[in-house]
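Participant: pasting a predicted model and its sequence here:
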Amino acid sequence: MLIDPHTHSNEISLCSRISLNDIVDVKKQAGYGGIVITNHCQPWYYVQNEHAEFMKKFVNVYKDGKKYADTVGFKVMLGIEVSINEPLYTDWLIYGLSEKDLLSSPCLYMLNQKELFEFCESCGAILVQAHPFRGEMRPLDPEYMRGVEVNCQPNDLKRKDDVIAFAKQNGLLLTSGVDYHGREMTMFCGMEVPDDTETSADFAKCLKEGKAKLFIDGKVLEI
């Protein structure tokens with residue numbers, strides 16, 4: 001089964017131009033079996049003391065989308081993309097957090113890399129640095145992450161070999177995703193996973209066990 005583990009819907013992510021239900025329809029039509037919805041958690045979305053309320057909305061958007069996806073035989077899994085400023089501005093994909101984990105979480109964008117990593121580890125989740133060579137970004141401390149992403153946006157994909165080399169040098173996992181924000185993003189990329197993958201915790205387990213393969217430009221990428 002092919003999934004896109006990096007997607008954004010406009011109910012939460014202000015940069016997205018498509019609803020979660022429409023993502024389900026478009027991705028299913030394109031040949032995907034599922035997605036991880038990784039909507040943004042960013043400092044400019046809400047103030048710190050509104051984190052609990054934001055997470056309620058965040059989880060409810062996922063639940064509504066999953067309910068619709070279930071009716072059309074498509075899988076929607078719960079993830080998140082967190083932007084932090086310490087030690088540098090970076091974006092982080094998290095796979096394996098439950099609804100309960102998110103609803104009881106501290107304000108995630110206030111954490112530094114080490115603190116975010118430790119939170120993920122305490123929940124059995126995986127922390128992955130998203131598009132680590134985008135713009136001024138660079139891969140951060142490999143000790144406090146589990147993986148790095150080969151992002152399939154055109155400029156990011158040009159740095160694919162650098163991402164893979166960093167992962168190999170540091171014993172990190174690799175993921176691949178479209179970073180989907182709208183219908184015009186027709187890249188056929190993601191991860192090939194076992195058909196019984198139902199949740200992002202299952203996806204995290206597949207990554208740890210080497211059962212998830214990079215799928216880029218319409219084919220499995222052998223590393």
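Facilitator: Cool, the structure landed.
Participant: in the protein, where's the longest helix?
Facilitator: Secondary structure of the chain per DSSP state H: the longest helix is helix 51-71.
Participant: distance from that helix to the middle of the chain?
Facilitator: 15 Å (CA atoms, centre = their mean, to the nearest Å).
Participant: tell me what angle the helix or strand just after it forms with helix 51-71.
Facilitator: The C-terminal neighbour of helix 51-71 among helices and strands, as given by DSSP states H and E, is strand 75-84. Following axes from the mean of the first three to the mean of the last three CA atoms, to 10 degrees, one obtains 150 degrees for the angle between strand 75-84 and helix 51-71.
Participant: keeping just the C-alphas, turn strand 75-84 into CSV.
Facilitator: Output of strand 75-84 as CSV, limited to C-alpha atoms (Å, rounded to 0.1, in the frame of the first residue of the first chain):
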residue,chain,number,x,y,z
LYS,A,75,-6.9,5.2,5.6
VAL,A,76,-6.3,8.4,7.5
MET,A,77,-3.7,8.3,10.3
LEU,A,78,-2.9,10.9,12.9
GLY,A,79,0.4,12.8,12.7
ILE,A,80,1.6,16.3,13.3
GLU,A,81,4.2,18.8,12.1
VAL,A,82,5.7,20.9,14.8
SER,A,83,7.8,24.1,14.2
ILE,A,84,10.3,25.0,16.9
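Participant: and it, what other elements does it pack with?
Facilitator: strand 2-7, strand 34-37, strand 40-41, helix 51-71, strand 90-95, helix 99-103, helix 113-122, helix 200-208 (3 or more CB pairs under 8 Å, 6 or more residues apart in numbering; DSSP states H and E). In this view, the C-beta of every residue, glycine as well, is placed from N, C-alpha and C.
Participant: buried deepest among those, which one?
Facilitator: strand 34-37 (a mean of 28; mean count of other CB atoms under 10 Å).
Participant: can you list the helices and strands that that strand packs against?
Facilitator: strand 2-7, helix 20-30, helix 51-71, strand 75-84.
Participant: got the contact list for it?
Facilitator: Outside strand 34-37, the residues that touch it by CB atoms under 8 Å, 6 or more residues apart in numbering are 1, 3-9, 20, 23-24, 27, 61-62, 65, 69, 74-79, 95, 177, 180, 197, 200, 203.
Participant: any stretches of the protein with poor pLDDT?
Facilitator: Low-confidence segments of the chain (pLDDT under 70): none present.
Participant: give me the contacts around the longest helix of the chain.
Facilitator: In contact with helix 51-71 (CB under 8 Å, 6+ apart) are residues 9, 11-12, 20-21, 23-24, 34, 37, 39, 41, 45-46, 75-76, 78, 80, 99, 102-103, 105-108.
Participant: run the last query once more with 7 Å
Facilitator: Helix 51-71 is contacted from outside by 9, 11-12, 20-21, 24, 37, 39, 45-46, 75-76, 78, 99, 102-103, 105, 107, using CB atoms under 7 Å, 6 or more residues apart in numbering.
Participant: can you tell which of the helices and strands packed on strand 75-84 is closest to residue 136?
Facilitator: Nearest of the helices and strands packed on strand 75-84 to residue 136, taken as CB to CB: strand 90-95 at 10.2 Å.
Participant: follow-up on the earlier one: now the helices and strands packed on strand 75-84 as CSV including distance to residue 152?
Facilitator: Output for the helices and strands packed on strand 75-84, formatted as CSV (distance: least, CB to CB, whole Å):
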stretch, distance to residue 152
strand 2-7, 8
strand 34-37, 14
strand 40-41, 18
helix 51-71, 22
strand 90-95, 13
helix 99-103, 26
helix 113-122, 23
helix 200-208, 17
